[in-house]
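Asker: here is the input, now give the coordinates:
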Amino acid sequence: RRAGVDLSRRLFSQTPSVASGAAAGGAHDYNQRVRVTDLKYLKQKRTLCVTFDKQPDKSFSLPAEYLRVFSPSAEVQGHSPDQKKVVSGRRFVGIIGIEPVGHYAVRLVFDDLHDSGIYSWDYLNDLASNKFHNIKDYLRQLKRLGRSRDPPRRPPQTTTPPPQQ
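Answerer: This next block holds a predicted model:
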């Protein structure tokens, strides 16, 4: 049983229909500043490992929780800076799908069924480069709002005996 899922062959093969054209130096770079050269999801650690062309010897570990709460989707980011939402309760979220989007991004599908974020190579690089600052700021916001990284607790279910007849 493999500890992670290696998406390199699927995402970076020479097949024109997947995200390889730009990564392999194809004609369509969509004005990306960086390109992803390797992408692996480690299921047990709930971590996406990303390598960029500008730092080929360094792999960045991005926890699924971090990727989920910083999703580029309008659902999280809003349509303007004042509409940005602070997502809580996602400490144990995982990734159940990674889909190539053109030659420039991936769509991540999380096990809470959030799937509307398209993570461009530039956005992944920004998340990787600013991970510690972003997480620190996120934790401050959670504290200020009285929220938690942990999912809400469900009240214990009690079984009621059927009525006596």
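
Asker: wasn't Asp137 part of a helix?
Answerer: Yes. Under DSSP: H, G, I helix; E, B strand; the rest coil, Asp137 falls within a helix.

Asker: can we start the residue count at 27 from this point?
Answerer: Understood, numbering begins at 27; the last thing we discussed is Asp163.

Asker: ends of stretch 133-143, how far apart?
Answerer: 6 Å (Cα to Cα, to the nearest Å).

Asker: what sits up against that stretch?
Answerer: Identification of contacts with stretch 133-143 by Cβ atoms under 8 Å, 6 or more residues apart in numbering yields 74, 90, 93-94, 97-102, 116, 119-125, 127, 144-145. Yep, even glycine has a C-beta here, placed from its N, CA and C like the rest.

Asker: residue closest to the middle of this structure?
Answerer: The centroid of the chain falls nearest to Leu93 when counting by Cα atoms, centre = their mean (3.2 Å).

Asker: what helix or strand does that one sit in?
Answerer: In the assignment (DSSP states H and E), Leu93 maps to helix 90-95.

Asker: close enough to count as contact, the residue nearest to the centre of the chain and Arg116?
Answerer: No. Counting by Cβ atoms under 8 Å, Leu93 stays clear of Arg116, with 9.7 Å between them.

Asker: quick one: low-confidence parts of this structure?
Answerer: Along the chain, segments meeting pLDDT under 70 span 27-57, 191.
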